[in-house]
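J.: My questions are about this predicted structure, shown below with the sequence.
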Amino acid sequence: MMKEILITSSVLILALLVIRFLIVAIEVRRIARRLGESGMMGRYFVYDLLSPLWALALSVMLMRKDDRVWR
């Protein structure tokens with residue numbers, strides 16, 4: 001029973017991620033076409049994919065209190 005719930009929730013999460021990335025790709029392509037940009041879609045896709053990791057790294061860096069900064 002627990003295994004089926006885990007598989008179902010994993011498939012649901014994966015489906016939601018795929019839908020999100022499809023929506024991002026469609027919107028970026030539409031905006032890039034309007035602006036006449038080429039190569040914007042690939043870069044933005046990588047940015048969108050890695051932005052949660054960069055946000056996590058930034059929050060970890062900001063947690064450390066540096067006495068030199070807070071004088």
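T.: Nice, thanks for sending it over.
J.: pull the helix or strand with minimum mean pLDDT from this protein.
T.: Least confident helix or strand, the chain: helix 40-63 with a mean of 84, by mean pLDDT, DSSP states H and E.
J.: count of neighbours near residue 24?
T.: Per other Cβ atoms under 10 Å, the neighbour tally for residue 24 reads 16. For the C-beta atoms, the positions are set from N, CA and C on the backbone; glycine is no exception.
J.: Just the pLDDT for it.
T.: Confidence at residue 24, expressed as pLDDT, is 85.
J.: who's in contact with it?
T.: 44, 45, 48 (Cβ atoms under 8 Å, 6 or more residues apart in numbering).
J.: Any chance of CSV for the residues you listed, columns distance to residue 62 and neighbour count?
T.: As requested, those are exported to CSV (distance: Cβ to Cβ, whole Å; neighbours: other Cβ atoms under 10 Å):
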residue, distance to residue 62, neighbour count
44, 25, 18
45, 27, 14
48, 22, 14
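J.: Just give me the closest of these to residue 27.
T.: residue 44 (9.4 Å; Cβ to Cβ).
J.: Ignoring the adjacent residues along the chain, who's closest to the closest one?
T.: The spatially closest residue to residue 44, leaving aside those adjacent along the chain, is residue 28, at 4.8 Å (Cβ to Cβ, 6 or more residues apart in numbering).
J.: related to what we said a few turns ago, find out how far the least confident helix or strand of the chain is from the centre of the chain, if you would.
T.: How far helix 40-63 lies from its chain's middle: 7 Å, per Cα atoms, centre = their mean, to the nearest Å.
J.: So which bits of that helix are buried?
T.: For helix 40-63, the buried set under the neighbour-count rule, 16 or more other Cβ atoms under 10 Å, comprises 41, 44.
J.: Identify the residues contacting it?
T.: Here helix 40-63 has contacts from 21, 24, 25, 28, 29, 31, 32, using Cβ under 8 Å, 6+ apart.
J.: State the helix or strand in which the third one lies.
T.: Take DSSP states H and E as the rule and residue 25 turns out to sit in helix 2-35.
J.: now that helix, how far from the centre of its chain.
T.: The answer for helix 2-35 is 11 Å, by Cα atoms, centre = their mean.
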